[in-house]
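In: Take this sequence and fold it.
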Amino acid sequence: MTGRTAGLTGAVALTRLALRRDRFALSAWVLGLSAFMAGITAMSVSGLPTRQDVIEQTELMAGNAAMRMLGLASGASVGGYTLVRGYLTLAVLTALMSTFAVVRHTRQNEETGRADLLGATVVGRYAGLAAGVVVAVGANIALSGLLGLAMIVNGQPVAGSVTAGASVGAVGIVFAGVAAIAVQLSSTTRGASGIASAVLGLAFLLSGVGNMLGRADASGLRVISAWPSWVSPLGWGQQMRPFGGDHWWPLALFAVLFGVLLGVAGTLVRRRDVGRGMLPERRGHAEAAPGLLSPFGLVWRLQRGSLLAWAVGMLGFGLVLGAIGGEVADMDGSARDWYTRVGGTDRIVDAYRTSIIGMAGMAAAIYTVQILLRMHAEETEGRLEPVLATAVSRARWATAHIINAVLGAAGLLLLFAVGMGVAAGRTLGGGAAAQLGDLTTAALAQLPGILVLGGVVVAVVGLLPRWAGPVSWTVLMASVLLGPLFGPSLEWPQWAQDLSPFTHIPKAPAAAITMAPVVTLLVAFTALAVVGIVASRHRSLALPA
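Out: Sure thing, here's the model as predicted:
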């Protein structure tokens, strides 16, 4: 047996163990993303009933530099338009799925001490890394097939649907390789996830800038990207051109990069000690800052990096989506009908602003769920126990997370509104001040619905901590698909749409804000949060295995 082969001893057994641990979490990721693909495809099919509608919307996406940052037009087709609107969201979430899976089965095992126990058995040096990567790659292969199937069942061509699924799955596989290197560099789970997320942010920026600097061809329906897109895995996925040529050769770029990443990761595994990272750990201060002496300050310190990244993204998207307000004013056809239906008014600009603010609310809800699920992670990774050994109660600790989540979500909504208001003020005229008042009020009106989802997370963490992640993300995805952006297009019955808190949010700025639904949502949030806090006080801690 060679040294390299011996290093993989036990990889099969660890892979089975990883699959068992992830059978619910990865299933939720894969099924949730597939449902999202099915939803946006169905929305495009119903929203673009004629060829002329498809052409008009594709010209809008291809001709506006700001919109090109969000997606790459590859010709007039319903499937192609669906990917222009949804590809980046799917690719980014898939990359995060892969990152979390690899980190969970490598760096987290070392950080919690499980790797030491496994290392005492007949387990090779590379076995843990191999298991994490194999599980992540398998999940991406399954996701690719289901994404393609989600488009096929909505009547899209088979070839383009399969290419679309592969273009998303390939990004996820590459980021499994990125995470494999990140876990060698950092000595903490949070640090490894942060490194991989930074690489993802850079890839997103390069692909977006490359598309913005590109140009539309003579038909006005196809964008030719500039060179930055070609140095980003996200850009390679877009260059596969589903429904616009179905190019498979970029998969060779993914394969080469994935192989290089795994080679580098394998080399780093041999050069470091178990439990340590290649990057030196910074020494902490001799004395804690005054803000860290309270649960609120500690939670803020742990979450501020994530909040900063979200803030940059929300401000940027606000500027982009506000900049196209002038073109929306001249919109007609089914696209206009969709915005007026979602916005609840025939005034297209107000309907557009209402719809986009609703999208921002759903994005802030993702942040809220992510932040509140850190309560479960802090508990299962063993960091909560020493905190509770002090004078801090469970209720006080949970309340600190809730307050940070509320303030963070409100801040993100306001940043988005400011970005959109500044850009819209220049595009529509009248100045930013004329837009900011209505948009900031409308943005804050989204907060009660977001808080209901946050309350669900707190309740599930308290009542069913083992199921906290799958249940929370499933409820969020269901709320989005049943909400006003997707529910009417998917023709859900009204009682089903009413299950989503987004359905009950006032349609501001198109309509005046009424207090009854706001108060009802706040009461629901309070009740769920109280249930979660009380339940957490009456159960044992979920300590590291």
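In: In this protein, which residue is most central in space?
Out: In the chain, the centroid-proximal residue (C-alpha atoms, centre = their mean) is Leu93; its distance is 4.5 Å.
In: Quick check: mean pLDDT of the strand or helix carrying that one?
Out: Using DSSP states H and E, Leu93 sits within helix 78-104. On average, the pLDDT along helix 78-104 is 90.
In: Specify the local secondary structure of Pro509.
Out: coil (DSSP: H, G, I helix; E, B strand; the rest coil).
In: count of residues packed around the closest residue to it other than its chain neighbours?
Out: Closest residue in space to Pro509, ignoring its immediate chain neighbours: Asp438 at 3.8 Å, by C-beta to C-beta, 6 or more residues apart in numbering. Backbone N, C-alpha and C define where each C-beta goes, glycine included. Neighbourhood size, Asp438 [other C-beta atoms under 10 Å]: 19.
In: give me the element Asp438 is part of.
Out: Using DSSP H and E, Asp438 falls in helix 432-445.
In: mind checking pLDDT for Gly237?
Out: 95.
In: gap between the nearest residue to it once chain neighbours are set aside and Gly86?
Out: Counting by C-beta to C-beta, 6+ apart, Gly237 lies nearest to Ser167, which is 4.0 Å off, once chain neighbours are set aside. Look at Ser167 and Gly86: by C-beta to C-beta, to the nearest Å, they are 12 Å apart.
In: Looking at those two, which is more packed in?
Out: Ser167 (29 against 21).
In: Surely that one and Gln238 touch.
Out: Yes. Contact criterion C-beta atoms under 8 Å: Ser167 and Gln238 qualify, at 7.3 Å.
In: hey, what's in contact with both of those two?
Out: Tyr87 (C-beta atoms under 8 Å, 6 or more residues apart in numbering).
In: pLDDT weak spots in the stretch 251-400 of the chain?
Out: Within the stretch 251-400 of the chain, the stretches with pLDDT under 70 are 275, 281-284, 286, 325-327, 331-335.
In: all strands of this protein, in order?
Out: Taking DSSP state E as the criterion, the chain carries its strands at 215-216, 223-224.
In: how many other residues sit next to the closest residue to Arg276 other than its chain neighbours?
Out: For Arg276, ignoring the flanking residues on the chain, the nearest one in space by C-beta to C-beta, 6+ apart is Ser187 at 5.4 Å. Ser187: 20 surrounding residues under other C-beta under 10 Å.
In: mind checking how far Ser187 is from Gln494?
Out: Taking C-beta to C-beta, one finds Ser187 at 52 Å from Gln494.
In: Check Val137 too.
Out: Val137 sits 42 Å away from Gln494, going by C-beta to C-beta.
In: Those two: who's more crowded?
Out: Val137 (19 against 9).
In: Touching, Val178 and Thr99? I think so.
Out: Yes. Taking contacts as C-beta under 8 Å, Val178 lies within contact range of Thr99: 7.1 Å.
In: Could you name every residue contacting both of those two?
Out: In contact with both Val178 and Thr99: 196, 200, using C-beta under 8 Å, 6+ apart.
In: follow-up on the earlier one: enumerate every residue touching the residue nearest to Pro509.
Out: Applying C-beta under 8 Å, 6+ apart, the residues near Asp438 are 353, 508-509.
In: any chance of the residues you listed in a markdown table, plus distance to Pro250 and neighbour count?
Out: Below are the contacts of Asp438 laid out as a markdown table (distance: C-beta to C-beta, whole Å; neighbours: other C-beta atoms under 10 Å):
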| residue | distance to Pro250 | neighbour count |
| --- | --- | --- |
| Arg353 | 37 | 30 |
| Ala508 | 43 | 23 |
| Pro509 | 42 | 24 |
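In: nearest to Ile402, of these?
Out: Ala508 (24.6 Å; C-beta to C-beta).
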